[in-house]
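[1] the sequence and its predicted three-dimensional model are supplied below.
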There are 4 protein chains.
Amino acid sequence: MTTDQTIQQNTLRKRVFDKLEPTDRSDMPGKLVDLFLITLIAVNIIAVVLETVASIRAEHQRLFEVIELVSVAIFTVEYIARLWSCVENPDYTGETSPRRAYMLSPMAIIDLIAILPFYLSFVLAIDLRVLRVLRLLRVFKLTRYSSAMSMLLNVIREEANAFFAGFFILMVLLILAASGAYLVEHDAQPDKFGSIPHAMWWAMATLTTVGYGDVTPVTPAGQFFGALVTVIGVGMAALPAGILASGLADQLRRNREELTSELRRALEDGIIDENEESELEELRKSLGLSQRIAREVRKSVHDQREASETFCCPECGTVTVREVVQK
Amino acid sequence: MTTDQTIQQNTLRKRVFDKLEPTDRSDMPGKLVDLFLITLIAVNIIAVVLETVASIRAEHQRLFEVIELVSVAIFTVEYIARLWSCVENPDYTGETSPRRAYMLSPMAIIDLIAILPFYLSFVLAIDLRVLRVLRLLRVFKLTRYSSAMSMLLNVIREEANAFFAGFFILMVLLILAASGAYLVEHDAQPDKFGSIPHAMWWAMATLTTVGYGDVTPVTPAGQFFGALVTVIGVGMAALPAGILASGLADQLRRNREELTSELRRALEDGIIDENEESELEELRKSLGLSQRIAREVRKSVHDQREASETFCCPECGTVTVREVVQK
Amino acid sequence: MTTDQTIQQNTLRKRVFDKLEPTDRSDMPGKLVDLFLITLIAVNIIAVVLETVASIRAEHQRLFEVIELVSVAIFTVEYIARLWSCVENPDYTGETSPRRAYMLSPMAIIDLIAILPFYLSFVLAIDLRVLRVLRLLRVFKLTRYSSAMSMLLNVIREEANAFFAGFFILMVLLILAASGAYLVEHDAQPDKFGSIPHAMWWAMATLTTVGYGDVTPVTPAGQFFGALVTVIGVGMAALPAGILASGLADQLRRNREELTSELRRALEDGIIDENEESELEELRKSLGLSQRIAREVRKSVHDQREASETFCCPECGTVTVREVVQK
Amino acid sequence: MTTDQTIQQNTLRKRVFDKLEPTDRSDMPGKLVDLFLITLIAVNIIAVVLETVASIRAEHQRLFEVIELVSVAIFTVEYIARLWSCVENPDYTGETSPRRAYMLSPMAIIDLIAILPFYLSFVLAIDLRVLRVLRLLRVFKLTRYSSAMSMLLNVIREEANAFFAGFFILMVLLILAASGAYLVEHDAQPDKFGSIPHAMWWAMATLTTVGYGDVTPVTPAGQFFGALVTVIGVGMAALPAGILASGLADQLRRNREELTSELRRALEDGIIDENEESELEELRKSLGLSQRIAREVRKSVHDQREASETFCCPECGTVTVREVVQK
């Protein structure tokens, strides 16, 4: 293959990459590609969900098949295109084998899972219903397009060990609650509290405050124990959510601080030129901060600049007034 | 129409505007107008709710009709008056067409929704019951009078994308939970888990921890899956609330900081005169901060001022006073 | 009455006051009085609760009567003693009529409610069962002894308007959810969704995620609407709790800051003498901060002192190094 | 026994101690010991849970017995080994009787509880089922290995009185709700609301939003009261969780601040040598902070150092460098 072709191909590959992973979301064609793929994923989810309704399936059999075939085709092309063009990704420069690195990235795996079941169904005998439901995993392809989503996952990673602690405590409570209920209710309701695993169904429904009511303690001892478990446990079940929420709030706060320090740096020379302006806007978006917060940040930074300090030279004692940039 | 009349009319319009949108809530007549409208809205809500009780409706048929007619009349007058006088609103000065701008403002739309159904019922044939219930939307007219309400909505706007993420995750969990339950329970309870949309009723009741108990998994596999879903999902359902709550706390904190910096500015000349005093009070109210917090802020600001540093040079004994403005 | 007696009486009154409202909780006799009253209140609560159990009441009729009579006697003495000695309360010095001021204080009213029903039962004919349950209000007498309790109530007062907003939104959601369910389920379940007030029972159980399951929508439309309501509303119901929790966290933070600034003031002269030490300890307790937090505060304050600043005299340019106390 | 032997024994004891309580978790043999014990505990829990399932118990009777005997043997050895080697624990140097001090430490008690029931079963006649379930308490042995766990417990200790307040309020609400329901529903459902203790089962299920639905008010008055209780109480039940969550977030924040100040100290001499580097890493781990947070901290500290101010006197041009240590 002549260098000429190679160059041509490379430029093509570069263009493909730019469309698939637009660096700035304002790039029109890139936006269209995103929009198209998002719509396609949504259509897929809806199709799978509706397909499980017997009447609808009977009626639109053909339509669902078409949707499936077209989707798989497009997702396959997308996957190959991404794999082919990933070498253009600056993050992978220096990688010995960028393609393998990309294939092992979470997003690539999600993309693969979205199409693999379809092809596997030819080699392996998978229950059709299972196969259909597996398509729902395509919903995870949306992760790529939601900055807030990734932020949330980010927080989960951050608070991982606090999280783990929350779930660990929940598990311990589940086991203790179930075994306690098993002890006190075993004789009264051998069918529902016949063993700890059985009792766990009640314990789970109680500690998470779901409370289906299909299984409830009937003996006074059981009810007393149940009340105790609930009152103590109710907090624990909500713990992970609480951790997540405050973690998220914390993240937003830190993002704001980052914007602040950036803004301060930009202001050091007194003015903010277009260039800095656009950079700050980029940052604001990437940090997922609202316009209003940005304004607040600007205001507070400006207020602080007003605070001034007086110094004097140790040599000649001349007094100089100078602004203090405070954190 | 002579200029004389125009002037007269304008001054009238100004007065109307001042009564409807009192700039400071301490203005008596404005207060009365507010109070009257709030009461009227409350009466409306109660009327609609009670009217649905057959016995009460039968008895007070006439009363309800009167209330409705009077309310619509008053709300119509209010709407027209606001629309007419809105041009006096300083926010709209400079607008090419202030009236259109006002008509498209959320509050104006809410006001319109409050009366429109009544008039539409003459041209369109709307089910009487639907029509009645639509009146309940008048409750949103209260938004105008609750500063805390608007603050809350404000926070929701702030945290919009975190919010969206929360709901998005909830949706994903709903779909996955429903489809999983559909797979494992389909054969055991074809009536309740016959399709994913059916299974969603259970998934929703479980993930939000409502747990009606009218639909519950019965197979061991189903219960195990159900327990798993609940334990994982319980956090996610409470997420939006958590985000909202910490967002609100954050807002309050920032409001306090704003008051602090204002107070600091007012104190720069050493004293706070009546003028500054009243301004600070206005600000405090507009920020929805309690008296006590205001006191705390004053205290802390004062403490910091005490940290103004006096230096006495050990050599020549010259005294220099310098204030340390601390954040 | 001779001055001599007056003085004697006053000193007695002072002593009574000191026992009932010990200024520092370490005072032994004061502690004992507290402990005794707390126990008595607890005994009362338990007695009322158990008395409602027919079998127990039949058996210990006499005992319950004795407990009641003794308690009322003691609480009456306590009330009178507090009322008599309240004039010794420094907070009331300067009051024109300290006794009336005290009688109208929340704690005094609670004390009155604890005994009033008993005496009223002689003049008015109150249903015995109602009378018995009213005794439970004595539980509020405990508020006086729980610093954390009062802190919590304090926070509620602080966040009052955020709180109100939360409940207001909940109310609006309740009305809208109920009326929506009334519209869609009215024909399917006229007994349960026959009117908006009826539908509210379901709406309440759903929005608060209690989900008894005694009333659930059965029509597809109803279930879809129900799911929508739940997913949107689940956050709102938990809002007040979230606000309360973050408000409480905020309070603790501010308390820590207060301790910090106090500590800083004490440290200004470089050392902390016993006197200051004990004052700080008092403050720490009153702020309800743990020993460990106090240690952390000390550490951070000390760290900051290490930060030093160089100044020079504008007259002679001599350089002086000096510690900076930072916030 | 000759000194020689003593020394030998001591060195042995030291080695045992180092394996059981490795000071740095990177030490390989220590890790293996931990891993082995964690697995053993897990196996125990699973065994106890499964053993309660009649069918499984019947089948693997022998296996369960073996697991039990082996576990007890190992845990006994572990307990004795820890007790014997605890004198090597630097925390106990200076203690008059380190062994007694250790025996009374929470972890030692947990270890004892894990094995004691087995031995007691020989002297006392304990119901076999109770005995079996008691083994589940071994789950608490895991606390030793989860840093996040201990942090959570730490927070609980911190916020103890806020916590207590939360539970106290919940109790008060429980009693009031139960007695209210008892009054209004007593006649309609004497079997379910026959006494306050009975009514508490409903009150508990309602206030914690579990809402089994096995007991619900049926009279309009009862339902109105129930709705009131729920709407007011829903917040209170979630309170402890909220307090815990924000307490945890606060803890993490303070931990980050501690790391920051440490980092700042290390940076005072301008550079961070290996020694400081490893110390910081240790601290980061002990504080349970993620790598990414550590990076953020470094960045912010570095940013602040940049804020070191260079003055050039306009008169004589003398340059003075002064660092602004900011919080």
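    Alright, I've got the coordinates.
[2] pLDDT below threshold where in the stretch 151-300 of chain A?
    Low-confidence regions of the stretch 151-300 of chain A, defined by pLDDT under 70, span residues A:161-162, A:234-238, A:249, A:270, A:288, A:290-292.
[3] residue contacts, the residue of it found nearest chain D?
    Per Cβ to the nearest Cβ, A:G242 is where the stretch 151-300 of chain A lies closest to chain D, at 2.5 Å. C-beta here means a position set from N, CA and C on the backbone, and glycine is covered the same way. By Cβ atoms under 8 Å, 6 or more residues apart in numbering or on different chains, the contact set of A:G242 is B:238, B:242, C:245, D:241-242, D:244-246, D:248.
[4] among those, which ones are in strands?
    Using DSSP state E, no member of the contacts of A:G242 falls in strands.
[5] from the residues you listed, pick the one nearest B:T230.
    B:A238 (12.5 Å; Cβ to Cβ).
[6] now do the strands in the stretch 201-327 of chain A.
    Applying DSSP state E, counting those that start in this stretch to the stretch 201-327 of chain A gives strands spanning A:308-312, A:319-323.
[7] what about the helices in chain A?
    Along chain A, counting by DSSP state H, helices occupy A:3-20, A:28-51, A:54-85, A:98-103, A:106-123, A:128-134, A:147-158, A:160-185, A:196-207, A:220-267, A:274-286, A:291-306.
[8] so which of those is the most packed in?
    Of the helices of chain A, the one with the most neighbours on average (mean count of other Cβ atoms under 10 Å in any protein chain shown) is helix A:196-207, at a mean of 25.
[9] could I get that one in CSV with only the CA atoms?
    What follows is helix A:196-207, C-alpha atoms only, in CSV (Å, rounded to 0.1, in the frame of the first residue of the first chain):
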residue,chain,number,x,y,z
ILE,A,196,-32.6,-18.1,58.1
PRO,A,197,-32.6,-17.8,54.3
HIS,A,198,-36.4,-17.8,54.4
ALA,A,199,-36.4,-15.2,57.2
MET,A,200,-34.1,-13.1,55.1
TRP,A,201,-37.0,-12.2,52.8
TRP,A,202,-38.8,-10.6,55.7
ALA,A,203,-35.6,-9.0,57.1
MET,A,204,-34.8,-7.5,53.7
ALA,A,205,-38.3,-6.1,53.2
THR,A,206,-38.2,-4.7,56.7
LEU,A,207,-34.7,-3.2,56.9
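[10] of all of the stretch 1-150 of chain A, which residue lies closest to chain C?
    Distances between the stretch 1-150 of chain A and chain C by Cβ to the nearest Cβ are smallest at A:V53, namely 11.0 Å.
[11] report the contact partners of that residue.
    Neighbouring residues of A:V53 by Cβ under 8 Å, 6+ apart: B:195-197.
[12] dump the residues you listed to CSV, plus distance to B:L128.
    Formatted as CSV, these follow (distance: Cβ to Cβ, whole Å):
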residue, distance to B:L128
B:S195, 35
B:I196, 37
B:P197, 31
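[13] and these as CSV, adding distance to chain C?
    As requested, the contacts of A:V53 are exported to CSV (distance: Cβ to the nearest Cβ, whole Å):
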residue, distance to chain C
B:S195, 11
B:I196, 13
B:P197, 8
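[14] wait, which of those is closest to B:M151?
    B:P197 (38.0 Å).
[15] I'd say the closest one and A:E51 touch.
    No. At 10.6 Å, B:P197 and A:E51 do not qualify as touching, with contact defined as Cβ atoms under 8 Å.
[16] what distance do you get for A:I113 to A:Y79?
    For A:I113, the distance to A:Y79 equals 10 Å [Cβ to Cβ, to the nearest Å].
[17] let me fix that: A:F164
    Distance, A:F164 to A:Y79, by Cβ to Cβ: 33 Å.
[18] do A:M151 as well
    25 Å.
[19] residues contacting the closest residue to chain B within chain A?
    Using Cβ to the nearest Cβ, the closest approach of chain A to chain B is made by A:A245 at 2.5 Å. The neighbours of A:A245, taking Cβ under 8 Å, 6+ apart as the test, are B:238-239, B:241-243, B:245-246, C:242, D:245.
[20] quick one, domains of chain A?
    Residue ranges for the domains of chain A, per automatic domain parsing: A:3-145, A:161-247, A:249-323.
[21] distance of the residue nearest to the residue of chain A closest to chain B when sequence neighbours are not counted from A:L239?
    Nearest residue to A:A245, sequence neighbours excluded (Cβ to Cβ, 6 or more residues apart in numbering or on different chains): B:G242, at 2.5 Å. Here the criterion is Cβ to Cβ. By it, B:G242 lies 11 Å from A:L239.
[22] what's the answer for A:S105, then?
    31 Å.
[23] ramachandran angles for A:N89?
    A:N89 adopts backbone torsions of phi -70, psi 120, taken as degrees, to the nearest 10.
[24] burial count for it?
    17 (other Cβ atoms under 10 Å in any protein chain shown).
[25] what residues are up against it?
    Going by Cβ under 8 Å, 6+ apart, A:N89 touches A:17, A:21, A:98, A:102.
[26] A:L259 too?
    By Cβ under 8 Å, 6+ apart, the residues touching A:L259 are A:280, A:283-284, A:287, A:289, A:293-294, A:297.
[27] may I see those organised as CSV, with distance to B:V130 added?
    Output for the contacts of A:L259, formatted as CSV (distance: Cβ to Cβ, whole Å):
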residue, distance to B:V130
A:L280, 50
A:L283, 49
A:R284, 44
A:L287, 45
A:L289, 42
A:I293, 41
A:A294, 44
A:V297, 47
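[28] just these that are near chain B?
    Checked against chain B using Cβ under 8 Å from any Cβ of the partner chain, those yield the following neighbours: A:I293.
[29] export the contacts of A:L259 to CSV and tack on distance to chain D?
    Shown next, in CSV, are the contacts of A:L259 (distance: Cβ to the nearest Cβ, whole Å):
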residue, distance to chain D
A:L280, 16
A:L283, 14
A:R284, 18
A:L287, 13
A:L289, 16
A:I293, 19
A:A294, 19
A:V297, 15
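[30] identify the farthest-apart pair in the contacts of A:N89.
    Longest distance between any two of the contacts of A:N89 is 13.2 Å, between A:E21 and A:P98; criterion Cβ to Cβ.
[31] before we move on, back to that, tell me which of the helices of chain A approaches D:Q61 most closely.
    Using Cβ to Cβ, these put helix A:196-207 closest to D:Q61, at 17.0 Å.
[32] for that closest one, packing partners?
    Contacts defined by 3 or more Cβ pairs under 8 Å, 6 or more residues apart in numbering or on different chains; DSSP states H and E place helix A:196-207 against helix A:160-185, helix A:220-267, helix B:220-267, helix D:28-51.
[33] same thing but at 7 Å, please
    In terms of contacts (3 or more Cβ pairs under 7 Å, 6 or more residues apart in numbering or on different chains; DSSP states H and E), helix A:196-207 is packed against helix A:160-185, helix A:220-267, helix B:220-267.
[34] quick check: residues of the stretch 51-200 of chain A near chain D?
    Contacts of the stretch 51-200 of chain A with chain D, taken as Cβ under 7 Å from any Cβ of the partner chain, map to A:158, A:161-162, A:164-165, A:168-169, A:172, A:175-176, A:179, A:182-183, A:195-197.
[35] that older thread, which one of the contacts of A:A245 is nearest to B:R129?
    Among these, B:A241 lies closest to B:R129 (Cβ to Cβ), at 32.5 Å.
[36] pretty sure that closest one is touching C:L239, no?
    Yes. Taking contacts as Cβ atoms under 7 Å, B:A241 lies within contact range of C:L239: 5.7 Å.
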